[in-house]
Every structure is written in C-alpha cells, then in structure tokens.
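Peer 1: Coordinates only, no sequence provided:
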C-alpha cells in the first residue's frame, strides 16, 4: 500500500500536466509548435473537448454570415417589370437581441445548406419557392461579412467597424419555381 500512494501521485501529476499541455497546445494549433505537439495531445483533446481555439475565449467573434435571397417575380400583365424581393435567411430579427432555440435552428439549417450548393438547389430553393407563392425564380448567395482583426480595430478607432468589414460571397444557386429544369438536378 505504501508503494501505491506515490505511484498514484505521480500518475495524477502526469495527467494534470498532460491536460495543461493540451490546454496550451490546442488553441494554438496553427503555430509551428502546435502542429508538432498536436500529434501527441490532439486525439485526447478532441475526445474530451479541449480542442477549442483562442477565439472561443477571446473577444474576436466569428464572422457574421447569412444567405442573401432574391425572389424574382414574373412581369406584370401590362408588361411592366416587377422588382425582385430581396431578403436574407435567417430573416432579420431586430426585436430579440438574444437568439432563441428556433433562431439557432435557422442558423444551423443555413450553415448546413451552404456547405454544398446542390442542397441549395435541390432542398432549400424549392422550400423558398413554397414560401413565396407566385415567384418565378429564386437566387441565393452565401455572404460572409469579415470583421477586422482586433488589432486593426483598436488601431483605427476613428473608423467605423462596418466600414472596415468586407463582404465575401461563396456558394451561389438559382432555382426556377415553375418546375422547369428539375430533371437537371436529378
């Protein structure tokens, strides 16, 4: 029993040091030391959830992203052009500053759909067509608003953050709501 107690202390100490090493390495996995050391602590850190980057804890937020939707309607009976309806998904929600469970689901759906543009054409586009009856076609575009780095924002205090941000456009898809072209997606 006397030999077991020092062995437990040594094992507990090694385990604590290993956890601290995982906490120090995994948030900095993009550095050279992080890439080298992640071979040894990465699998354990992924298993127990210690693989969060520094931006999880720091004031550097994730980039806002949304799906820009353009609903195109056919021309009016008199031949005049009808302006398209521009909206976003998830739709803007100014009254609730704290996102509810439904709002989080909308963000999750949007992120899932933009991972593969085929999902936009085959699943999300037809759903939007049902949401906007009378629409001729729907154009969708994934937009990410890049935020300036914290250092850049602190250095340029006199410039508005929205002026420093940039819009980057990624996945694009167009869907006809009248059903033509459906055989192409199959």
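Peer 2: Thanks, I have it. Model, not experiment: these values are computed from the prediction. Numbering: from 1, shown residues only.
Peer 1: Walking through the chain, point out its strands one by one.
Peer 2: 65-72, 85-89, 137-146, 166-176 (DSSP state E).
Peer 1: Throw those strands into TSV and include distance to residue 32 and mean pLDDT, thanks.
Peer 2: From N, CA and C alone the C-beta is placed, and that goes for glycine too. Below are the strands of the chain laid out as TSV (distance: least, C-beta to C-beta, whole Å; pLDDT from 0 to 100):
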stretch	distance to residue 32	mean pLDDT
strand 65-72	30	87
strand 85-89	40	84
strand 137-146	25	88
strand 166-176	28	85
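Peer 1: Tabulate the ones you listed (JSON lines), appending mean neighbour count.
Peer 2: Shown next, in JSON lines, are those (neighbours: other C-beta atoms under 10 Å):
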{"stretch": "strand 65-72", "mean neighbour count": "18"}
{"stretch": "strand 85-89", "mean neighbour count": "14"}
{"stretch": "strand 137-146", "mean neighbour count": "18"}
{"stretch": "strand 166-176", "mean neighbour count": "14"}
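Peer 1: Next, format those as JSON lines and append distance to residue 38.
Peer 2: Converted to JSON lines, those look like this (distance: least, C-beta to C-beta, whole Å):
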{"stretch": "strand 65-72", "distance to residue 38": "27"}
{"stretch": "strand 85-89", "distance to residue 38": "36"}
{"stretch": "strand 137-146", "distance to residue 38": "26"}
{"stretch": "strand 166-176", "distance to residue 38": "28"}
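Peer 1: Any idea which of those gets closest to residue 24?
Peer 2: Of all the strands of the chain, strand 137-146 sits nearest to residue 24, with 28.1 Å by C-beta to C-beta.
Peer 1: what lines up beside the closest one in the sheet?
Peer 2: strand 65-72 (antiparallel), strand 166-176 (antiparallel) (DSSP bridges).
Peer 1: Could I get the contacting residues of the residue positioned nearest the centre of the chain?
Peer 2: Among the residues of the chain, the one closest to the centroid is residue 111, at 5.5 Å (C-alpha atoms, centre = their mean). Going by C-beta atoms under 8 Å, 6 or more residues apart in numbering, residue 111 touches residue 65.
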